[in-house]
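**Q** I would like the atomic coordinates for the input below:
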Amino acid sequence: MPGKLTVLEGVTIAEAITAKWEQIWNFQARDGDVLIDTYPKSGTTWMQEIVDLILHDGDEQICRRAPTFERMPFIELLHLMKPGIEVVNAMPSPRVLKSHLAVHLVPPSFWEHNCKVIYVARNAKDTATSYYHFDQTVQFHPDPVSWEDYLEQFMKGDVGWGSWYDHVKGFWEQKDKRNVLYIFFEDMKKTPQQVIRKVAKFLGKDLSEDLLNKIVKLSSFEHMRDNPMANNSGFPKEILDQSKIVFMRKGAVGDWKTMFTARQKEVFEDHYKRQMESSTLKFQDPK
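**A** Next up, the predicted model:
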């Protein structure tokens, strides 16, 4: 049975999440915890693997100890899938956690403990394209619609986890006020060494050149796609049905060109300009 979306504090979000909102909002972060937050399909799993490799000095075996979703739990889905809130509460500090929540919906304990937050943002057209394919696998979201209808919903923010515009701008506006490292997906693709070094410095780690290059290799799309502990192939089927579309599909920059018509591109870019004109946030929009 398809899931439903509702609106929580101005954000469109799955009823499966809001049903346990009090538990999510009251999640207790601790000193030293790291939160990786993104809008969906913006490089979340990729950044999770990079962070795990940095924190474990590039030890591939340690980083294969469990699937990504168990190593770095998804805070707003803990009531729907393992490891579950009790296990996460019992995990030793510091923990690395994941979320897709908009900045004002992040549990306040993360800010109270001045936790390090790594935010990854991806350009809008590629995000919409990737999310359209991914959303066909998400079981707690409504049944998929046509690409044309989906693009309209994306522009309005009527998709799970809300408006892309509000999400990326919300964290951008907080990055200098909070303990937030703001990373662009396009930079991860273009200059992975620079991004990984920046993330390592944020986490208080100094990487040798050899270790840096090792982490670049182990966190590459090709390596992760073939790593069952990193490619989310083991994600619970009641959450993600990957029978037709796998989680790690392309991971490319510029894939929007395979979906957008010339008219859709024109309409989208006009809408984008209006939504972003008041922000200092600028993306490298792949032409």
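**Q** by mean pLDDT, flag the weakest helix or strand of the chain.
**A** The weakest-scoring helix or strand in the chain, judged by mean pLDDT, DSSP states H and E, is helix 221-225 (a mean of 80).
**Q** and the helix or strand that that one is followed by, what other elements does it pack with?
**A** Counting by DSSP states H and E, the next helix or strand C-terminal to helix 221-225 is helix 262-276. Applying 3 or more Cβ pairs under 8 Å, 6 or more residues apart in numbering; DSSP states H and E, we find helix 262-276 packed against helix 124-135, helix 147-156, helix 164-174. Using the backbone N, CA and C atoms, a C-beta is placed for each residue, glycine as well.
**Q** okay, those helices, which one's buried deepest?
**A** Mean neighbours per residue, mean count of other Cβ atoms under 10 Å, is largest over those for helix 124-135, with a mean of 22.
**Q** quick one: residues in contact with that one.
**A** Residues outside helix 124-135 that contact it (Cβ atoms under 8 Å, 6 or more residues apart in numbering): 39-42, 122, 141, 144, 147, 150-151, 154, 159-160, 164-165, 185, 245, 247, 249-250, 252-256, 258-260, 265, 268, 272, 283, 285-286.
**Q** what do you get for stretch 190-199?
**A** Against stretch 190-199 from outside (Cβ under 8 Å, 6+ apart): 47, 50-51, 54, 118, 181, 183, 187-188, 207, 212-213, 215-216, 219-220, 253.
**Q** run the chain-centre distance for that stretch.
**A** 17 Å (Cα atoms, centre = their mean, to the nearest Å).
**Q** got it, and stretch 48-65?
**A** 18 Å.
**Q** list the buried ones in it?
**A** 48, 49, 50, 51, 52, 53, 54, 55, 58, 63 (16 or more other Cβ atoms under 10 Å).
**Q** what distance separates the start and the end of it?
**A** End-to-end distance of stretch 48-65 (Cα to Cα, to the nearest Å): 14 Å.
**Q** do the same with stretch 119-138
**A** Per Cα to Cα, the first residue of stretch 119-138 is 22 Å away from its last.
**Q** if I look at residue 159, how far off is residue 120?
**A** 18 Å (Cβ to Cβ, to the nearest Å).
**Q** flag the shaky bits of the stretch 101-250 of the chain, pLDDT-wise.
**A** For the stretch 101-250 of the chain, applying pLDDT under 70 flags the ranges 228, 230-250.
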